[in-house]
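Enquirer: sharing a model that was predicted from the sequence below.
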Amino acid sequence: MAEALPGEEVRVWPDVGDGREVSHALIWRPQPGLFDALPNLRLVCATGAGVDHFLADPTYPRHVPLVRQIDAGFARRMADYVLAWTLFHHRDGRHYQASQHSRQWQPRAMRDAGDITVGILGLGQMGGLAADVLAHHGFCVRGWVQRPQARPGVTVDVGPEGLTQLLAASDILVNLLPLTPATRGILCRDLFQRLKPGAVLINVGRGPHLVEADLIPALDHGHLSAAVLDVFQTEPLPEDHAFWGDPRITITPHVSSSASETTVARHFADAIRRERAGEPLFGLVDLTRGY
Ligand code: GLV
């Protein structure tokens with residue numbers, strides 16, 4: 001921060017002194033009472049890509065512009081995570097782990113990446129790059145969006161009908177949607193029933209995209225064969241949660257991607273400069289759309 005913002009006074013919550021003096025804030029999750037304590041904000045910069053926790057906060061001052069992280073390295077880390085778990089499942093990683101556990105030599109027929117369809121919900125900065133990387137790797141990639149977009153190498157499915165087509169075709173389903181009222185709970189029983197049977201779910205969006213109570217039944221009924229979850233309704237995932245003990249579920253602790261500290265500090269500094277100069281803000285969130 002000191003490097004990115006030379007000459008600026010940086011205060012760290014909750015030791016902000018007189019909150020009326022604070023004009024720009026960098027925040028991951030707003031703490032209760034934070035916005036009431038900072039009545040003269042001119043800009044808020046989120047440290048993450050998803051800004052649902054700001055939009056869910058009734059005290060967020062709607063006239064204050066909110067920018068989120070947009071960064072190639074951030075998206076690249078996410079694409080790496082999605083590629084890693086896609087390859088793990090494509091190359092029968094779970095089967096070989098179980099075989100090793102029971103000391104059995106059980107080769108399986110190999111398939112090419114081109115035999116596997118990966119469906120990605122959302123083709124924004126994260127989903128778009130993940131789609132490109134997977135397509136480059138040889139997978140058949142479909143992406144679901146609200147508005148048509150050109151994406152060479154990726155089949156773009158639009159709207160409700162497009163979703164049905166994508167689900168029926170996908171061996172692996174990746175969620176990279178923003179969390180909004182329209183997408184909350186989208187990963188539910190109804191959606192799992194429309195998937196190609198035995199598909200793998202990778203959820204790297206937000207915990208509340210998934211109706212958690214519907215996941216284990218979908219695995220039991222064979223709609224899904226496995227799930228990789230990086231985000232949860234409650235984080236950290238409570239110790240007694242059923243997901244921990246289910247071998248079909250892989251859990252990572254919200255680590256699929258994050259922007260580097262240097263990038264975040266530079267992005268914040270750039271946003272402050274732009275706000276002061278009245279220039280367009282990079283990564284400005286449309287508060288009604290929710291991303
Ligand atoms: C992390 O979850 C983010 O939104 O950046």
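Expert: Ah, there it is.
Enquirer: state the distance from Gly127 to Val118.
Expert: 11 Å (CB to CB, to the nearest Å). (Each C-beta comes from the backbone N, C-alpha and C, glycine too.)
Enquirer: next, show the common contact partners of those two.
Expert: When contacts are counted by CB atoms under 8 Å, 6 or more residues apart in numbering, Gly127 and Val118 are jointly contacted by Val174.
Enquirer: between these two, who's got more neighbours?
Expert: Val118 (31 against 27; other CB atoms under 10 Å).
Enquirer: so which helix or strand takes in that one?
Expert: For Val118, the element it lies in under DSSP states H and E is strand 117-121.
Enquirer: could you give the angle of the helix or strand following that strand to strand 117-121?
Expert: Using DSSP H and E, the next helix or strand after strand 117-121 towards the C-terminus is helix 125-136. Angle of helix 125-136 versus strand 117-121, following axes from the mean of the first three to the mean of the last three CA atoms, to 10 degrees, is 170 degrees.
Enquirer: next SSE after helix 125-136?
Expert: strand 140-145.
Enquirer: next helix or strand past that following strand?
Expert: Past strand 140-145, the next helix or strand by DSSP H and E is strand 155-158.
Enquirer: average pLDDT for that following strand?
Expert: On average, the pLDDT along strand 155-158 is 98.
Enquirer: ditto for stretch 1-15
Expert: Here the average pLDDT along stretch 1-15 is 93.
Enquirer: what's the end-to-end length of it?
Expert: The stretch stretch 1-15 measures 16 Å between its terminal residues, going by CA to CA, to the nearest Å.
Enquirer: check the offset of that stretch from the chain's centre.
Expert: 28 Å (CA atoms, centre = their mean, to the nearest Å).
Enquirer: and what of stretch 241-250?
Expert: Distance, centroid of stretch 241-250 to centroid of chain: 20 Å (CA atoms, centre = their mean).
Enquirer: neighbours of Met74, how many?
Expert: Heads up, residue 74 is Phe, not Met. Phe74 has 22 nearby residues by other CB under 10 Å.
Enquirer: return the distance of it relative to Gln125.
Expert: 8 Å.
Enquirer: ok, Phe282 next?
Expert: 12 Å.
Enquirer: who's more crowded, those two?
Expert: Gln125 (20 against 14).
Enquirer: my guess is the more buried one contacts Ala75. True?
Expert: Yes - Gln125 lies in contact with Ala75 (CB atoms under 8 Å); the separation is 5.0 Å.
Enquirer: check contacts around the residue in the stretch 1-150 of the chain positioned nearest to the ligand.
Expert: Nearest residue of the stretch 1-150 of the chain to the ligand, counting by CB to the nearest ligand atom: Gly48, 2.6 Å away. Shown in contact with Gly48 (CB under 8 Å, 6+ apart): Trp28, Arg68, Gln69, Ser258, Ala259.
Enquirer: filter these down to the buried ones, PyMOL style.
Expert: Here is the PyMOL command that selects the buried residues among the contacts of Gly48 (16 or more other CB atoms under 10 Å):
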select buried, resi 68+69+258+259
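Enquirer: can you redo the contacts of Gly48 as TSV with pLDDT?
Expert: Putting those into TSV (pLDDT from 0 to 100) gives the following:
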residue	pLDDT
Trp28	95
Arg68	97
Gln69	96
Ser258	94
Ala259	94
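Enquirer: among the contacts of Gly48, which two are most distant?
Expert: Arg68 and Ser258 (12.7 Å; CB to CB).
Enquirer: and the helices in the stretch 101-250 of the chain?
Expert: Using DSSP state H, counting those that start in this stretch, the helices of the stretch 101-250 of the chain run over residues 125-136, 159-169, 189-193, 215-220.
Enquirer: packed most tightly, which of the ones you listed would that be?
Expert: Stretch with highest mean neighbour count among the helices of the stretch 101-250 of the chain: helix 125-136 (a mean of 22; mean count of other CB atoms under 10 Å).
Enquirer: figure out how far it is from the centre of its chain.
Expert: Distance, stretch centre to chain centre, for helix 125-136: 13 Å (CA atoms, centre = their mean).
Enquirer: what is it packed up against?
Expert: Using 3 or more CB pairs under 8 Å, 6 or more residues apart in numbering; DSSP states H and E, the elements in contact with helix 125-136 are helix 72-90, strand 117-121, strand 140-145.
Enquirer: in TSV: these, plus mean pLDDT.
Expert: Shown next, in TSV, are those (pLDDT from 0 to 100):
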stretch	mean pLDDT
helix 72-90	97
strand 117-121	98
strand 140-145	98
